[in-house]
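K.L.:
compute the structure for the input listed below.
(one chain, ligands or ions: 2)
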Amino acid sequence: MGGAVRVRVTLERVSHRFFPGTPRETVALEGVDLELAPGEFLALVGCTGSGKTTLLRHLNAQLRPTAGRVRWDGKALPADAVRRRVALAEQFPEDALFADTVAEDVAFGPRNLGLSAPQVADRVRRALARVGLGEEHARRSPFALSGGERRRAALAGVLAMEPELVCLDEPTAGLDWRGCGEVLELLARLNREEGVGVVLVTHRMEEALRFAHRVALLRSGRLVLAGDPETVLARPDLLRRCGLEVPPVVRVQELLIRRGLALASPALDAAAAAQRILRALEVG
Ligand SMILES: Nc1ncnc2c1ncn2[C@@H]1O[C@H](COP(=O)(O)OP(=O)(O)O)[C@@H](O)[C@H]1O
Ligand SMILES: [Mg+2]
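P.N.:
Ligands and ions are numbered 1, 2, ... in the order given. Next up, the predicted model:
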């Protein structure tokens, strides 16, 4: 699937105001410029209320900018055309599971695309395999699954639409560490092996830095930084000002630098960090 077409999404000076011109007016996004390259894995981070969900909803045209514009491969598109290419997994997507079996639930989207029964069955099988669920899960009620399995079943329903870009709103929220790992690994695999673009909304810096190619940082509706994980890791001060937690391994290196240790930029991987610290201590 390496040669498949993947969409490029461009946000130009995008602003979004809820209830404009009323006392309840809220500026959720302000002048956001951001381009998502085809097949990119982007993490969108920021604290609660920073505009992550609002931005995500612009990517699949669920919301339209109140100023500025969004382009898909350089074009304005109607919402239904966008949604065939860009899928959005809302927060706690498993709350919307409704069918008697997991397979039926996953089949819902592809069936609505007007695919034939064998095509739908094929999509369901593939989507469940992508999220690591097998035949034995497919036949069960969604409610008979564990929390992590239920989340993955819901994500299978989104992936069964075979989008070019999948946008996920806090897909690890409320899962234990194992559940989080499974979800993040499946997104990484989907991106690496099938070239599907991923936008991951999270407030956990560690997830963003470990899995994304690029991290976009939102604060009060403004994009304050977008760069590769190395670039973002080098700005722990900015992360804190955005209300984000700096991973402990980065914090240790930051404090050592402040105390005069000649470290280059911090590493996220603990072993790599230890190695850099050792080298710097041995030299000094
Ligand atoms: N449907 C809505 N109606 C009114 N205000 C909203 C709505 N959705 C979000 N907001 C406001 O927009 C701002 C950004 O919210 P949101 O995009 O949900 O942030 P995040 O996902 O980062 O927590 C917040 O001030 C929030 O209260
Ligand atoms: Mg949100």
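K.L.:
can you give me the neighbour number for the residue in the stretch 51-200 of the chain positioned nearest to ligand 2?
P.N.:
Per C-beta to the ion, T53 is where the stretch 51-200 of the chain lies closest to ligand 2, at 3.3 Å. C-beta: built from backbone N, CA, C; applies to glycine. Neighbours of T53 under the rule other C-beta atoms under 10 Å: 19.
K.L.:
wait, what's in contact with it?
P.N.:
If you count contacts by C-beta atoms under 8 Å, 6 or more residues apart in numbering, T53 has them with 91, 169, 201.
K.L.:
now with 10 Å, please.
P.N.:
28, 44, 62-63, 88, 90-91, 169-170, 201 (C-beta atoms under 10 Å, 6 or more residues apart in numbering).
K.L.:
if we look at ligand 1, which of those are close to it?
P.N.:
A28 (C-beta under 6 Å from any ligand atom).
K.L.:
and the two most separated of the contacts of T53?
P.N.:
L63 and E170 (17.2 Å; C-beta to C-beta).
K.L.:
what's stretch 116-123 in contact with?
P.N.:
Contacts for stretch 116-123 (C-beta under 10 Å, 6+ apart): 103, 106-115, 156, 159-162.
K.L.:
most neighbours among the residues you listed, which one?
P.N.:
Among these, V106 has the most neighbours (other C-beta under 10 Å), with 31 neighbours.
K.L.:
I'd assumed it was in a helix, is it?
P.N.:
Yes - membership of V106 in a helix is supported by DSSP: H, G, I helix; E, B strand; the rest coil.
K.L.:
that one contacts V124, correct?
P.N.:
Yes - between V106 and V124 there is a contact under C-beta atoms under 10 Å: 4.7 Å.
K.L.:
which residues are common contacts for these two?
P.N.:
In contact with both V106 and V124: 138, 156-157, 160, using C-beta under 10 Å, 6+ apart.
K.L.:
make sure D100 is indeed in a helix.
P.N.:
No - D100 is assigned coil when assessed by three-state DSSP, not a helix.
K.L.:
got JSON lines for the contacts of T53, with secondary structure and neighbour count too?
P.N.:
Output for those, formatted as JSON lines (DSSP: H, G, I helix; E, B strand; the rest coil; neighbours: other C-beta atoms under 10 Å):
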{"residue": "A28", "secondary structure": "strand", "neighbour count": "20"}
{"residue": "L44", "secondary structure": "strand", "neighbour count": "29"}
{"residue": "Q62", "secondary structure": "coil", "neighbour count": "17"}
{"residue": "L63", "secondary structure": "coil", "neighbour count": "20"}
{"residue": "L88", "secondary structure": "strand", "neighbour count": "21"}
{"residue": "E90", "secondary structure": "coil", "neighbour count": "18"}
{"residue": "Q91", "secondary structure": "coil", "neighbour count": "14"}
{"residue": "D169", "secondary structure": "strand", "neighbour count": "20"}
{"residue": "E170", "secondary structure": "coil", "neighbour count": "19"}
{"residue": "V201", "secondary structure": "strand", "neighbour count": "24"}
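K.L.:
show me the helices in the stretch 101-250 of the chain, by range?
P.N.:
102-112, 117-130, 135-138, 147-159, 177-194, 205-211, 229-233, 236-241, 248-258 (DSSP state H, counting those that start in this stretch).
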